[in-house]
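Student: Prediction below, plus the sequence it came from.
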Amino acid sequence: EVQAVRYRRQQVAAWHETGEALREVEALASRPGVAWSEVRAAVLVLERRGVLRRGSNWTRALSALATAGDAEGAMSAAERMESPNTIAYNTVLRACAKAGATAVATEVLRERMPARGVERDAVSYATAIAALATWDATGREWLRTACEMGDGRARLLACREAMRLCGRSGAWDEAVSLLTEEMPRLGVSPEARDFREATHACAVAGRVD
């Protein structure tokens, strides 16, 4: 019984140390102006110390890399996970979106996730849209897939990311079409921010009439 109590105390202490280490890395990633290389190095230290053995700890580490915009580091970390899941790879795609890493997002969605047997969901495609540089056939394909797979909220997210992409790439007419035609067709009710996205796309293109 004494040994069991001692083991339990050691286990609790290890959990506390693990939680503190993860919180430090998360705080580092959120620090303004931090270099992604610092966050990547910190995650590697956690991995070497065995902090990332649990899947949930890996996901928190991936989230820190995503916050820092380290798409390559996040993808590499996910590949080192023993049993990655959809949430883990969606976090990698979030890193791609922040970094504008179109090539990495495409590789993750089309190659890495299928190769690891990880299911892609509507959020995967919607998040990948945010990593694209221009509104083109790829974006339309991913939007269509996200809307076919997802529920109303996922469709709204996908359409919103598509409108943001239209705004960045000057495709104001596509943004308006998404708002006034595609979203109603999908049974998605636009919110105030969606009208702002479409208006912004028009403004960027100089279409204020």
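Tutor: Sure thing, it's come through. As the structure is a computational prediction, the values presented were derived from the model and not from experiment. Numbering: from 1, shown residues only.
Student: Residue 150 contacts residue 121, correct?
Tutor: Yes - with contact defined as Cβ atoms under 8 Å, residue 150 counts as touching residue 121 (7.3 Å). For every residue, glycine as well, the C-beta is placed using N, CA and C.
Student: Neighbour count for those two, which is higher?
Tutor: Between residue 150 and residue 121, counting by other Cβ atoms under 10 Å, residue 150 is the more crowded of the two (20 against 17).
Student: Now the more buried one: closest residue in space that isn't a chain neighbour?
Tutor: Leaving aside its chain neighbours, residue 150 sits nearest to residue 122 (2.8 Å; criterion: Cβ to Cβ, 6 or more residues apart in numbering).
Student: Please report how far residue 143 lies from residue 162.
Tutor: Separation of residue 143 from residue 162 (Cβ to Cβ, to the nearest Å): 5 Å.
Student: which neighbours do these two share?
Tutor: Counting by Cβ atoms under 8 Å, 6 or more residues apart in numbering, the common neighbours of residue 143 and residue 162 are residue 129.
Student: The two: who's more crowded?
Tutor: residue 162 (28 against 23).
Student: Pull out the buried positions in the host helix or strand of that one.
Tutor: Here residue 162 sits within helix 152-169, counting by DSSP states H and E. Neighbour counts over helix 152-169 (16 or more other Cβ atoms under 10 Å) mark 154-169 as buried.
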